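Participant: After the sequence you'll find the predicted model.
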Amino acid sequence: MVSQPQAGADVIRLALPDVGEEELAAIAEVLETGQLTMGPKVAEFEQLLAAATGTEHAIAVSSGTAALHVAVLALGIGPGDEVLVPAYTFPATANVVALAGAKPVLVDVDPVTMNMDAEDAEHRATARTKAVLAVHLFGRPARLEDLPDLPVLEDAAGALGASHGVRACGGLGVLGCFSFHPRKVVTTGEGGAVTTHDAELAERVRQLRHHGWSPSDRYDDMPRAAFNYRLSDVLCALGIPQLRRLDELLAARERVADAYAERLAGLDVVLPRADDGDRHGRQAYVIQLDRRDEALAALREAGIQAQIGTYALHRLGAYRDQGSFPGADAAFERALALPFHTKLTEPELDRVAEVLRRHLTSSE
(Lines give C-alpha, C1' and ligand atoms only; values in the text may rest on other atoms or scores of the structure.)
Protein backbone atom coordinates (compact mmCIF):
# COMPACT_ATOMS: atom_id res chain seq x y z
CA MET A 1 0.00 0.00 0.00
CA VAL A 2 1.33 3.42 -0.96
CA SER A 3 1.74 5.56 2.17
CA GLN A 4 -0.21 8.75 2.72
CA PRO A 5 1.65 11.77 1.26
CA GLN A 6 2.76 14.21 3.94
CA ALA A 7 1.30 17.71 3.96
CA GLY A 8 3.20 20.08 1.70
CA ALA A 9 2.76 22.82 -0.86
CA ASP A 10 1.67 20.49 -3.65
CA VAL A 11 -0.22 17.93 -1.57
CA ILE A 12 -4.01 17.99 -1.55
CA ARG A 13 -5.07 17.47 2.05
CA LEU A 14 -7.66 14.88 3.08
CA ALA A 15 -9.07 17.25 5.70
CA LEU A 16 -8.44 20.82 6.81
CA PRO A 17 -10.31 22.53 9.66
CA ASP A 18 -12.17 25.75 8.82
CA VAL A 19 -10.68 27.90 11.58
CA GLY A 20 -9.07 31.33 11.62
CA GLU A 21 -8.77 34.64 13.46
CA GLU A 22 -12.08 34.33 15.28
CA GLU A 23 -11.06 31.01 16.81
CA LEU A 24 -7.63 32.37 17.77
CA ALA A 25 -9.24 35.33 19.50
CA ALA A 26 -11.67 33.10 21.36
CA ILE A 27 -8.84 30.91 22.65
CA ALA A 28 -6.81 33.95 23.67
CA GLU A 29 -9.79 35.27 25.63
CA VAL A 30 -9.92 32.08 27.67
CA LEU A 31 -6.18 32.12 28.31
CA GLU A 32 -6.42 35.69 29.57
CA THR A 33 -9.13 34.77 32.11
CA GLY A 34 -7.07 31.93 33.57
CA GLN A 35 -10.15 29.67 33.82
CA LEU A 36 -9.15 26.90 31.46
CA THR A 37 -11.68 24.24 32.41
CA MET A 38 -15.15 23.82 33.97
CA GLY A 39 -15.93 27.41 33.03
CA PRO A 40 -18.41 29.46 31.00
CA LYS A 41 -17.13 28.43 27.57
CA VAL A 42 -18.10 24.80 28.21
CA ALA A 43 -21.63 25.89 29.10
CA GLU A 44 -21.85 28.14 26.03
CA PHE A 45 -20.61 25.36 23.75
CA GLU A 46 -23.19 22.97 25.21
CA GLN A 47 -26.03 25.48 24.75
CA LEU A 48 -25.13 26.02 21.09
CA LEU A 49 -24.91 22.27 20.46
CA ALA A 50 -28.26 21.61 22.12
CA ALA A 51 -29.82 24.27 19.90
CA ALA A 52 -28.18 22.78 16.79
CA THR A 53 -29.52 19.30 17.56
CA GLY A 54 -32.93 20.33 18.87
CA THR A 55 -32.28 18.61 22.19
CA GLU A 56 -32.81 19.72 25.77
CA HIS A 57 -29.36 18.73 26.99
CA ALA A 58 -25.83 18.62 25.55
CA ILE A 59 -22.89 17.46 27.65
CA ALA A 60 -19.37 18.10 26.35
CA VAL A 61 -16.78 15.35 26.86
CA SER A 62 -13.19 14.73 25.86
CA SER A 63 -13.75 12.68 22.68
CA GLY A 64 -16.33 10.95 20.54
CA THR A 65 -15.27 7.65 22.10
CA ALA A 66 -15.82 9.09 25.58
CA ALA A 67 -19.29 10.20 24.45
CA LEU A 68 -20.15 6.68 23.31
CA HIS A 69 -18.70 5.16 26.49
CA VAL A 70 -20.70 7.31 28.91
CA ALA A 71 -23.85 6.91 26.81
CA VAL A 72 -23.64 3.12 27.03
CA LEU A 73 -23.01 3.28 30.78
CA ALA A 74 -25.78 5.85 31.33
CA LEU A 75 -28.26 3.27 29.99
CA GLY A 76 -27.02 0.77 32.57
CA ILE A 77 -25.58 -1.59 29.98
CA GLY A 78 -23.09 -4.07 31.42
CA PRO A 79 -22.12 -7.74 31.79
CA GLY A 80 -24.65 -10.16 30.31
CA ASP A 81 -26.13 -7.56 28.00
CA GLU A 82 -25.88 -7.36 24.22
CA VAL A 83 -25.87 -4.27 21.99
CA LEU A 84 -26.39 -4.34 18.22
CA VAL A 85 -23.54 -2.57 16.41
CA PRO A 86 -22.95 -2.19 12.65
CA ALA A 87 -20.24 -4.45 11.29
CA TYR A 88 -18.91 -1.56 9.18
CA THR A 89 -17.91 1.37 11.40
CA PHE A 90 -14.96 2.84 13.28
CA PRO A 91 -14.00 0.33 16.01
CA ALA A 92 -14.82 2.71 18.87
CA THR A 93 -18.52 2.04 18.26
CA ALA A 94 -18.07 -1.58 19.32
CA ASN A 95 -15.17 -1.05 21.71
CA VAL A 96 -17.22 0.99 24.19
CA VAL A 97 -19.76 -1.83 24.47
CA ALA A 98 -17.00 -4.33 25.18
CA LEU A 99 -15.39 -1.97 27.71
CA ALA A 100 -18.72 -1.77 29.54
CA GLY A 101 -18.56 -5.55 29.95
CA ALA A 102 -21.36 -6.19 27.44
CA LYS A 103 -21.22 -8.00 24.11
CA PRO A 104 -21.22 -6.02 20.85
CA VAL A 105 -23.28 -8.07 18.39
CA LEU A 106 -22.31 -7.20 14.84
CA VAL A 107 -25.04 -6.45 12.31
CA ASP A 108 -24.52 -6.28 8.57
CA VAL A 109 -24.91 -3.01 6.68
CA ASP A 110 -26.63 -2.07 3.46
CA PRO A 111 -23.80 -2.11 0.89
CA VAL A 112 -24.98 1.16 -0.72
CA THR A 113 -25.99 3.33 2.27
CA MET A 114 -23.36 1.64 4.48
CA ASN A 115 -25.74 2.06 7.44
CA MET A 116 -27.16 -0.78 9.57
CA ASP A 117 -29.34 -3.31 7.75
CA ALA A 118 -32.67 -3.37 9.60
CA GLU A 119 -33.60 -6.91 8.56
CA ASP A 120 -30.29 -8.31 9.80
CA ALA A 121 -30.68 -6.34 13.04
CA GLU A 122 -34.05 -8.01 13.68
CA HIS A 123 -32.47 -11.40 13.00
CA ARG A 124 -29.60 -10.84 15.47
CA ALA A 125 -31.63 -9.32 18.33
CA THR A 126 -32.24 -11.62 21.33
CA ALA A 127 -33.77 -11.36 24.79
CA ARG A 128 -30.35 -10.14 25.99
CA THR A 129 -30.26 -7.23 23.54
CA LYS A 130 -30.55 -4.00 25.53
CA ALA A 131 -29.97 -1.37 22.84
CA VAL A 132 -29.07 -0.62 19.24
CA LEU A 133 -26.01 1.54 18.60
CA ALA A 134 -26.77 2.95 15.17
CA VAL A 135 -24.24 4.96 13.15
CA HIS A 136 -25.07 7.79 10.75
CA LEU A 137 -22.03 6.81 8.73
CA PHE A 138 -20.04 9.65 7.17
CA GLY A 139 -23.03 11.93 7.81
CA ARG A 140 -25.78 9.93 6.07
CA PRO A 141 -28.78 9.67 8.43
CA ALA A 142 -29.73 6.12 9.33
CA ARG A 143 -33.41 5.10 9.28
CA LEU A 144 -33.81 4.44 12.99
CA GLU A 145 -37.54 3.79 12.68
CA ASP A 146 -36.80 0.61 10.72
CA LEU A 147 -34.62 -0.87 13.48
CA PRO A 148 -35.79 -3.23 16.27
CA ASP A 149 -38.01 -1.68 18.93
CA LEU A 150 -35.22 -1.12 21.43
CA PRO A 151 -33.51 1.95 22.92
CA VAL A 152 -31.38 3.50 20.16
CA LEU A 153 -28.06 5.20 20.80
CA GLU A 154 -26.96 7.37 17.90
CA ASP A 155 -23.32 7.37 16.88
CA ALA A 156 -23.65 10.77 15.23
CA ALA A 157 -19.90 11.39 15.25
CA GLY A 158 -20.02 12.50 11.62
CA ALA A 159 -23.59 13.75 11.50
CA LEU A 160 -23.61 17.19 13.10
CA GLY A 161 -26.07 19.21 11.03
CA ALA A 162 -27.58 16.13 9.40
CA SER A 163 -31.30 15.52 9.71
CA HIS A 164 -33.79 12.75 9.06
CA GLY A 165 -36.87 14.53 7.77
CA VAL A 166 -37.28 17.60 9.95
CA ARG A 167 -35.47 16.16 12.99
CA ALA A 168 -31.76 16.63 13.58
CA CYS A 169 -29.45 13.68 14.11
CA GLY A 170 -28.43 13.49 17.75
CA GLY A 171 -32.05 14.00 18.78
CA LEU A 172 -33.58 10.93 17.15
CA GLY A 173 -32.64 8.29 19.73
CA VAL A 174 -32.46 8.23 23.52
CA LEU A 175 -28.88 9.57 23.41
CA GLY A 176 -26.77 11.04 20.62
CA CYS A 177 -22.98 10.99 20.50
CA PHE A 178 -20.79 13.46 18.60
CA SER A 179 -17.10 13.83 17.81
CA PHE A 180 -15.16 17.04 17.18
CA HIS A 181 -12.04 15.46 15.71
CA PRO A 182 -10.28 17.57 13.03
CA ARG A 183 -12.00 15.65 10.19
CA LYS A 184 -15.42 16.72 11.47
CA VAL A 185 -17.47 19.74 10.31
CA VAL A 186 -16.87 21.41 13.69
CA THR A 187 -13.62 20.61 15.47
CA THR A 188 -12.20 21.23 18.92
CA GLY A 189 -9.01 19.32 18.06
CA GLU A 190 -10.21 16.43 20.18
CA GLY A 191 -13.58 16.39 21.86
CA GLY A 192 -17.08 14.99 21.86
CA ALA A 193 -20.54 15.44 23.32
CA VAL A 194 -23.70 13.60 24.32
CA THR A 195 -27.15 14.99 23.51
CA THR A 196 -30.53 13.93 24.87
CA HIS A 197 -34.07 15.05 25.61
CA ASP A 198 -34.04 13.07 28.89
CA ALA A 199 -33.05 15.03 32.03
CA GLU A 200 -32.31 11.90 34.07
CA LEU A 201 -29.98 10.48 31.42
CA ALA A 202 -28.29 13.86 31.08
CA GLU A 203 -27.62 13.89 34.83
CA ARG A 204 -26.05 10.42 34.65
CA VAL A 205 -23.84 11.51 31.74
CA ARG A 206 -22.67 14.59 33.67
CA GLN A 207 -21.74 12.37 36.61
CA LEU A 208 -19.92 9.89 34.41
CA ARG A 209 -17.76 12.59 32.78
CA HIS A 210 -16.74 14.18 36.12
CA HIS A 211 -15.56 11.47 38.54
CA GLY A 212 -19.13 10.59 39.52
CA TRP A 213 -20.30 14.11 40.36
CA SER A 214 -22.54 16.54 38.53
CA PRO A 215 -23.19 20.23 39.30
CA SER A 216 -26.37 19.28 41.16
CA ASP A 217 -24.56 16.89 43.54
CA ARG A 218 -23.24 17.58 47.03
CA TYR A 219 -19.48 17.35 46.87
CA ASP A 220 -19.18 15.72 50.30
CA ASP A 221 -20.48 12.54 48.67
CA MET A 222 -19.92 10.78 45.36
CA PRO A 223 -22.95 8.94 43.89
CA ARG A 224 -20.92 6.70 41.54
CA ALA A 225 -17.38 5.90 40.48
CA ALA A 226 -16.64 7.42 37.08
CA PHE A 227 -14.10 9.11 34.82
CA ASN A 228 -12.50 12.40 33.97
CA TYR A 229 -13.94 12.88 30.49
CA ARG A 230 -14.26 16.67 30.73
CA LEU A 231 -13.65 18.99 27.78
CA SER A 232 -11.71 22.16 28.58
CA ASP A 233 -12.81 25.78 28.08
CA VAL A 234 -9.87 26.24 25.71
CA LEU A 235 -11.15 23.58 23.33
CA CYS A 236 -14.77 24.68 23.67
CA ALA A 237 -13.66 28.22 22.77
CA LEU A 238 -12.20 26.78 19.56
CA GLY A 239 -15.53 25.16 18.73
CA ILE A 240 -17.94 27.98 19.62
CA PRO A 241 -17.33 30.20 16.56
CA GLN A 242 -17.72 27.17 14.30
CA LEU A 243 -21.01 26.16 15.94
CA ARG A 244 -22.28 29.70 15.43
CA ARG A 245 -21.65 29.40 11.70
CA LEU A 246 -22.64 25.74 11.37
CA ASP A 247 -25.10 26.39 8.55
CA GLU A 248 -22.42 28.28 6.64
CA LEU A 249 -19.94 25.43 7.08
CA LEU A 250 -22.49 22.85 5.97
CA ALA A 251 -23.40 24.91 2.90
CA ALA A 252 -19.73 25.23 1.95
CA ARG A 253 -19.21 21.49 2.24
CA GLU A 254 -22.35 20.86 0.20
CA ARG A 255 -20.88 23.02 -2.57
CA VAL A 256 -17.73 20.89 -2.55
CA ALA A 257 -19.86 17.74 -2.69
CA ASP A 258 -21.77 19.18 -5.67
CA ALA A 259 -18.49 20.01 -7.39
CA TYR A 260 -17.30 16.42 -6.96
CA ALA A 261 -20.61 15.06 -8.25
CA GLU A 262 -20.33 17.20 -11.36
CA ARG A 263 -16.76 16.08 -12.05
CA LEU A 264 -17.40 12.39 -11.37
CA ALA A 265 -20.64 12.19 -13.35
CA GLY A 266 -20.63 9.37 -15.86
CA LEU A 267 -17.94 7.38 -14.07
CA ASP A 268 -18.61 3.95 -12.57
CA VAL A 269 -18.71 5.15 -8.96
CA VAL A 270 -21.40 5.36 -6.28
CA LEU A 271 -21.58 8.91 -4.93
CA PRO A 272 -22.61 9.71 -1.35
CA ARG A 273 -26.16 10.97 -0.91
CA ALA A 274 -28.91 11.05 1.68
CA ASP A 275 -32.41 9.61 1.34
CA ASP A 276 -35.01 11.95 -0.16
CA GLY A 277 -36.13 14.43 2.47
CA ASP A 278 -32.99 13.98 4.59
CA ARG A 279 -29.98 16.26 4.96
CA HIS A 280 -26.52 14.73 4.70
CA GLY A 281 -24.01 15.86 7.33
CA ARG A 282 -21.14 15.87 4.81
CA GLN A 283 -18.49 14.85 7.34
CA ALA A 284 -16.61 13.03 4.60
CA TYR A 285 -16.93 12.44 0.88
CA VAL A 286 -16.79 8.66 0.52
CA ILE A 287 -17.36 7.12 -2.90
CA GLN A 288 -17.58 3.42 -3.76
CA LEU A 289 -15.81 1.86 -6.71
CA ASP A 290 -14.14 -1.32 -7.91
CA ARG A 291 -10.38 -1.79 -7.48
CA ARG A 292 -10.46 0.62 -4.55
CA ASP A 293 -6.92 -0.12 -3.40
CA GLU A 294 -5.54 0.67 -6.86
CA ALA A 295 -7.45 3.96 -6.91
CA LEU A 296 -6.16 4.81 -3.43
CA ALA A 297 -2.58 4.12 -4.52
CA ALA A 298 -3.01 6.22 -7.68
CA LEU A 299 -4.29 9.19 -5.69
CA ARG A 300 -1.49 9.01 -3.16
CA GLU A 301 1.15 8.67 -5.85
CA ALA A 302 -0.27 11.86 -7.38
CA GLY A 303 0.21 13.76 -4.11
CA ILE A 304 -3.43 13.50 -3.07
CA GLN A 305 -4.29 12.38 0.43
CA ALA A 306 -7.04 9.75 0.50
CA GLN A 307 -8.14 6.99 2.84
CA ILE A 308 -10.26 3.86 3.08
CA GLY A 309 -13.81 4.54 4.29
CA THR A 310 -13.65 2.78 7.64
CA TYR A 311 -13.33 -0.76 9.05
CA ALA A 312 -15.13 -4.08 8.67
CA LEU A 313 -15.08 -5.08 12.33
CA HIS A 314 -15.44 -8.81 11.68
CA ARG A 315 -12.06 -8.67 9.90
CA LEU A 316 -10.36 -7.37 13.06
CA GLY A 317 -8.97 -9.72 15.68
CA ALA A 318 -11.19 -8.41 18.49
CA TYR A 319 -14.43 -9.14 16.62
CA ARG A 320 -13.86 -12.19 14.43
CA ASP A 321 -16.05 -15.30 14.38
CA GLN A 322 -19.45 -13.58 14.53
CA GLY A 323 -20.65 -14.78 11.17
CA SER A 324 -20.90 -13.55 7.60
CA PHE A 325 -21.35 -9.87 6.72
CA PRO A 326 -21.41 -9.49 2.93
CA GLY A 327 -22.62 -5.89 3.04
CA ALA A 328 -19.80 -4.85 5.34
CA ASP A 329 -17.31 -6.74 3.17
CA ALA A 330 -18.52 -4.90 0.06
CA ALA A 331 -18.39 -1.50 1.77
CA PHE A 332 -14.92 -2.15 3.20
CA GLU A 333 -13.51 -3.25 -0.16
CA ARG A 334 -15.09 -0.44 -2.22
CA ALA A 335 -15.28 2.69 -0.03
CA LEU A 336 -12.77 5.47 -0.66
CA ALA A 337 -12.60 8.78 1.22
CA LEU A 338 -11.54 11.67 -1.02
CA PRO A 339 -10.10 15.02 0.11
CA PHE A 340 -13.00 16.94 1.59
CA HIS A 341 -12.96 20.32 3.28
CA THR A 342 -14.11 23.88 2.68
CA LYS A 343 -10.73 25.12 1.40
CA LEU A 344 -10.47 22.80 -1.61
CA THR A 345 -9.89 24.78 -4.79
CA GLU A 346 -11.31 24.17 -8.28
CA PRO A 347 -7.87 23.08 -9.62
CA GLU A 348 -7.49 20.64 -6.72
CA LEU A 349 -10.91 19.14 -7.38
CA ASP A 350 -9.95 18.82 -11.04
CA ARG A 351 -6.75 16.95 -10.06
CA VAL A 352 -8.63 14.46 -7.90
CA ALA A 353 -11.24 13.83 -10.59
CA GLU A 354 -8.64 13.38 -13.31
CA VAL A 355 -6.74 10.73 -11.34
CA LEU A 356 -9.98 8.85 -10.71
CA ARG A 357 -11.02 9.18 -14.35
CA ARG A 358 -7.69 7.75 -15.55
CA HIS A 359 -7.94 4.89 -13.05
CA LEU A 360 -11.50 3.97 -13.97
CA THR A 361 -11.04 4.19 -17.72
CA SER A 362 -7.78 2.21 -17.63
CA SER A 363 -9.75 -0.96 -16.81
CA GLU A 364 -12.23 -0.58 -19.65
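Facilitator: All right, it came through fine.
Participant: The stretch 201-350 of the chain: helices as residue ranges?
Facilitator: 233-244, 246-264, 292-301, 326-334, 346-362 (DSSP state H, counting those that start in this stretch).
Participant: confidence score at the closest residue in space to residue 237 that isn't next to it in sequence?
Facilitator: Nearest-residue entry for residue 237: residue 26, 4.1 Å, with adjacent residues in sequence omitted and distances by CB to CB, 6 or more residues apart in numbering. In this view, the C-beta of every residue, glycine as well, is placed from N, C-alpha and C. If you check residue 26, the pLDDT there is 98.
Participant: And for residue 42?
Facilitator: Value listed for residue 42 in the pLDDT field: 98.
Participant: Apart from its neighbours in sequence, what residue is nearest it?
Facilitator: residue 236 (5.0 Å).
Participant: Could you check how far the one you found is from residue 212?
Facilitator: 22 Å (CB to CB, to the nearest Å).
Participant: So for these two, which sits in the more crowded spot?
Facilitator: residue 236 (29 against 15; other CB atoms under 10 Å).
Participant: looking at it, the more buried one is touching residue 45, isn't it?
Facilitator: Yes. Here residue 236 lies in contact with residue 45, judged by CB atoms under 8 Å, at a distance of 3.8 Å.
Participant: which neighbours do the two share?
Facilitator: Common neighbours of residue 236 and residue 45 (criterion: CB atoms under 8 Å, 6 or more residues apart in numbering): residue 60.
Participant: Number of residues surrounding residue 11?
Facilitator: As a measure of burial, residue 11 has 17 neighbours, counting by other CB under 10 Å.
Participant: isn't it right next to residue 301, touching?
Facilitator: No. The criterion here is CB under 8 Å, and residue 11 misses it with residue 301 at 11.8 Å.
Participant: can you tell me the helix or strand for the residue sitting nearest the centre point of the chain?
Facilitator: Centroid check for the chain by CA atoms, centre = their mean gives residue 157 as the closest residue, at 2.3 Å. Under DSSP states H and E, no helix or strand contains residue 157.
Participant: gap between it and residue 247?
Facilitator: Taking CB to CB, one finds residue 157 at 20 Å from residue 247.
Participant: again, but for residue 32
Facilitator: Counting by CB to CB, the gap from residue 32 to residue 247 is 30 Å.
Participant: Confirm residue 154 sits in a helix?
Facilitator: No. According to DSSP: H, G, I helix; E, B strand; the rest coil, the state of residue 154 is strand, so it is not within a helix.
Participant: Near it, how many other residues are there?
Facilitator: 30.
Participant: hang on, isn't it packed against residue 169?
Facilitator: Yes. The pair residue 154 / residue 169 is scored as a contact, 6.3 Å apart, by CB under 8 Å.
Participant: Quick check: neighbours shared by the two?
Facilitator: Counting by CB under 8 Å, 6+ apart, the residues touching both residue 154 and residue 169 are 136, 176.
Participant: hang on, residue 23 is in a helix, isn't it?
Facilitator: Yes. Membership of residue 23 in a helix is supported by three-state DSSP.
Participant: out of all of them, which strand in the protein is the longest?
Facilitator: strand 129-135 (DSSP state E).
Participant: How far does that one sit from its chain's centre?
Facilitator: 16 Å (CA atoms, centre = their mean, to the nearest Å).
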